[in-house]
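Peer 1: Build me a model from this:
(chains A, B and C)
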Amino acid sequence: MTAKAVVSRGTVVIDVERCKGCDLCIDACRPGVLAMTEIDRNMRGFRFPQLVTEGCTACRACAQICPDYVFQVWKYDEPIVTERRSG
Amino acid sequence: MSITILPTNGPPTVPAQLVEDFTPSLLNDEMHHLCPGCGHPVAMRAAAEMMGELELATRAIGVVGIGCYTGFASSLDVDVVQALHGRAPSLATGVKRMRPDSFVFSLQGDGDMVNEGLQEIIHTAARGEAVTAILLNNGVFGETGGHMTATTVLGQRTKNTLDGRDAALHGYPVPIANLIAQLDGAAFVGRSAVNNAGNVARTRRMFRRAFELQMAGAGFTFVEVLTMCPTGWFIETSEAPDYLGDKMAGTYELGVLKDPAHPAA
Amino acid sequence: MPARFMEGSEAIAEAMVTAGCRFFAGYPMTPFTEVLEHMARLLPGVGGTCINAESELEAIGMAWGAASTGARAATGSVGQGLSLMQESISELCRAQVPLVVVNMSRGQTDYYQSTRGGGHGDYRTPVLAPVDLPEAVELVQYAFHLADQWRNPVLFYGDYYLAHVQESADVHPYEFGPLPAKDWIVDGLNGGTGNAKLVSPLSSTKHHEDRSGYGGHLKFVAERMATMTEGIEPMVETGFVDDADFVVVSFGTAARYVRYVVGLLREEGLPIGFVRPITLWPFPSDEIARVAERARALAVYELNNGQMIDDVRLAVYGRAPVEFIGDLTLDMSGFGISPDYDVERLLVRIRNAFTAQMSEVS
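Peer 2: Next up is the predicted model:
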């Protein structure tokens, strides 16, 4: 379990209630920082994505592929370096 | 083993710029009523964002056909004329002829354009009308519940081809973009998809190119976007991107079929 | 403007351009083709556009798009081609788009199509039926006025004879009064403001405030149709009806012959009159009812199997017998003058009908 330095260039805001659980964002995310919930559901009964680790590059792929316009993407003025927690 | 979830319910607390809002500025904020995993709103986002980037909103007139996407006639914040099934290219012709400085686009599904309106799109392209025709192609009549269209691919299951489209029984699909590309009146013809991030980026580039060419006076431009319809395809939403890539893109090659910058050899 | 000797198609086209029509699309079909030819010749000179559409469906589609931008637009065909346009005509009514549709009919067999509406749904279109070139010049322009006044398609009912007969006509502009501003049109300038326009048969706005949906829109359109019905004055020409025992009703070119023959029979002393509806919709029912109070019998002369006679009977409402004295037209191809209209034949037919009716009702 080694910690690696991870650069986050941005982050997302997720409008959970808009999501209809299609999973498109997961594969679209190249740094792989998103994962769908397994048990949790939104008010309409759909699983939804969560930001599960650092490393978002603010590439906007999630926002651009989401059919339900769930994502808002922010780019940090200064990239943030953290240690990624594995697991 | 628990996963730490990072906060995503509000803007970041460190200095940051908003680089992509939930909804593009030219699309109304309301939630649409399309199925989970539908590719249409992905394509619409790309089109709306390219119109925004090229500052076309204050000269844009859209002509929208009849299908699952008809709701965008209301949610798109540009002037729109609603057409009947198949008729959008003719209405777009009349609009552009009377408002030649406007950016005029038509928006149709495959059932609308290739079934009901086949002659209209061909003639509009042959005439070289300076409009951009957009085709959202998911190979089904979605709004009526998932029936075969002229672009349903062989082997594709629909409500009236439950064993998969069989050439002997149902004939062959019509690759409309390839037909249009052969017409001298067509300046730009491209086919893209929205089943993965790479294709979404390609779709955005194609829309941008087609829109720019219209405003530069190049003539008729055509962008076909293969979109997912997991409901009409009888599959899980998570399977739809691969289904599109394997089955549909296998029949309909992606890429630029015609561009005035690259005349055919 | 001095009168010129010209064929009806040319007069109609010039009248359209005089009315400000700047877009025309059509598909060649006899006897409508010359209207398209003349519009193709005239429109470029005034900065307009005439398109030889690849089909009637496309012709009315193009005109729909053009009209949505605020231009005065028109299309046309023959009844057979108008059959193809019916879906669009009915939806144009619900989309509230002004459009003039010219029918250079083969005979008078398109009365039902024009007034009952060959399309689907609840809708009405005003129908204007001129008797000759000078009246056609006025009614074409009135059609554009009505279309803009009510935001509705308006049908112009001509025929082969009107298209190809040559007469002296003075194509001067007619004024019909003020019109509401065209604030509903799409001009592309409203995008990104939240106030972009929607021209649609499914709704009147983009629904941001209005939640009434498609049903609400249909109700709104029905109310407008009712207002339009009340608001258009039916037009009719009558002759010798104040002391007529027998009245012949006819429209269009047929009425040109009927009124002449009725005049001849009057000179012989027969108490006979004529009624010529000019607006086939709204039908001049009140005038026909008034005439039927006085007359002892009516007859309808039309070149079809009996179509306008339904509306005459509805207006007469049992006050007097109504007999069909018309004919199937022989002009089904539109390719030649047929012996449909003949003064001698009509004299015999109307005199016989008069004699038969008067002996029955005495």
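Peer 1: partners of the longest strand along chain A in the sheet?
Peer 2: The longest strand of chain A (DSSP state E) is strand A:71-84. Strand A:71-84 sits in its sheet next to strand A:4-14 (antiparallel), strand B:16-20 (antiparallel), going by DSSP bridges.
Peer 1: residue of chain A with the smallest distance to chain C?
Peer 2: Nearest residue of chain A to chain C: residue A:69, at 17.4 Å (C-beta to the nearest C-beta). Where C-beta positions appear, they are placed from N, C-alpha and C, glycine not excepted.
Peer 1: right, and that residue touches residue B:30 too?
Peer 2: No. Under the criterion of C-beta atoms under 8 Å, residue A:69 is not in contact with residue B:30, lying 10.2 Å apart.
Peer 1: what's near enough to touch residue 70?
Peer 2: By default, I'm working from chain A. Residues near residue A:70 by C-beta atoms under 8 Å, 6 or more residues apart in numbering or on different chains: A:14-16, A:18-19, A:25, A:48-49, A:62-63, B:22.
Peer 1: that's the other chain; I wanted chain C
Peer 2: Listed by C-beta under 8 Å, 6+ apart, the contact set of residue C:70 reads B:98, C:182, C:185, C:187.
Peer 1: roughly how far apart are the last one and residue B:80?
Peer 2: In this structure, residue C:187 lies at 12 Å from residue B:80, with C-beta to C-beta, to the nearest Å as the measure.
Peer 1: try the first one
Peer 2: The span separating residue B:98 from residue B:80 equals 16 Å under the rule C-beta to C-beta.
Peer 1: Tell me how far whichever residue of the stretch 251-362 of chain C sits closest to chain A lies from chain B.
Peer 2: Using C-beta to the nearest C-beta, residue C:281 is the residue of the stretch 251-362 of chain C that sits closest to chain A, at 47.6 Å. Computed as C-beta to the nearest C-beta, to the nearest Å, the residue C:281 to chain B distance reads 23 Å.
Peer 1: can you count the residues close to that residue?
Peer 2: Residue C:281 sits with 23 neighbouring residues when counted by other C-beta atoms under 10 Å in any protein chain shown.
Peer 1: these two touch, right, it and residue C:127?
Peer 2: Yes. Between residue C:281 and residue C:127 there is a contact under C-beta under 8 Å: 4.5 Å.
Peer 1: what does the longest strand of chain A rub up against?
Peer 2: Counting by C-beta under 8 Å, 6+ apart, A:3-15, A:25, A:53-55, A:58, A:60, A:62-63, B:11-12, B:14-22 sit against strand A:71-84.
Peer 1: Deepest in the core, which of the strands paired with strand A:71-84 is it.
Peer 2: When you average the neighbours per residue for each of those (mean count of other C-beta atoms under 10 Å in any protein chain shown), strand A:4-14 leads with a mean of 19.
Peer 1: Quick check: next helix or strand after that one?
Peer 2: helix A:24-28 (DSSP states H and E).
Peer 1: What helices and strands are in contact with the helix or strand that that following helix is followed by?
Peer 2: As assigned by DSSP H and E, the chain's next helix or strand after helix A:24-28 is strand A:34-36. Under the contact definition 3 or more C-beta pairs under 8 Å, 6 or more residues apart in numbering or on different chains; DSSP states H and E, strand A:34-36 sits against helix A:24-28, strand A:49-51.
Peer 1: other SSEs contacting the longest one?
Peer 2: When you say that, I think you mean helix A:24-28. Using 3+ C-beta pairs under 8 Å, 6+ apart, helix A:24-28 sits against strand A:34-36, helix A:61-65, helix B:197-215.
Peer 1: As CSV, could you dump the C-alpha coordinates of it?
Peer 2: This file holds the C-alpha atoms of helix A:24-28, laid out as CSV (Å, rounded to 0.1, in the frame of the first residue of the first chain):
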residue,chain,number,x,y,z
LEU,A,24,-21.5,6.6,-19.4
CYS,A,25,-19.4,8.9,-17.3
ILE,A,26,-17.4,6.1,-15.7
ASP,A,27,-15.8,4.9,-18.9
ALA,A,28,-15.5,8.4,-20.2
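Peer 1: what about it, average pLDDT?
Peer 2: Per-residue pLDDT over helix A:24-28 has a mean of 95.
Peer 1: List the buried residues of that helix.
Peer 2: The neighbour-count check on helix A:24-28 (16 or more other C-beta atoms under 10 Å in any protein chain shown) flags A:24-28 as buried.
Peer 1: what's in contact with stretch C:349-360?
Peer 2: For stretch C:349-360, contacts defined as C-beta under 8 Å, 6+ apart pick out C:245-246, C:248, C:258, C:261-262, C:265, C:270, C:272, C:296-297, C:299, C:301, C:321, C:323, C:325.
Peer 1: can you rerun that using 10 Å?
Peer 2: For stretch C:349-360, the external contacting residues (C-beta atoms under 10 Å, 6 or more residues apart in numbering or on different chains) are C:245-246, C:248, C:257-258, C:261-262, C:264-265, C:268, C:270-272, C:274, C:295-299, C:301, C:320-327, C:342.
Peer 1: Out of those residues, list just those in helices.
Peer 2: If you go by DSSP state H, these have C:257-258, C:261-262, C:264-265 in helices.
Peer 1: filter the residues you listed down to the ones near chain A?
Peer 2: The subset of those within reach of chain A, by C-beta under 10 Å from any C-beta of the partner chain, is empty.
Peer 1: Which of those are buried? Put it as a PyMOL command.
Peer 2: PyMOL command restricting the ones in helices among the contacts of stretch C:349-360 to the buried ones, with burial defined by 16+ other C-beta under 10 Å:
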select buried, chain C and resi 257+258+261+262+265
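Peer 1: related to what we said a few turns ago, in helices, which of the contacts of residue C:70 appear?
Peer 2: Judged by DSSP H, the contacts of residue C:70 include residue B:98 as members of helices.
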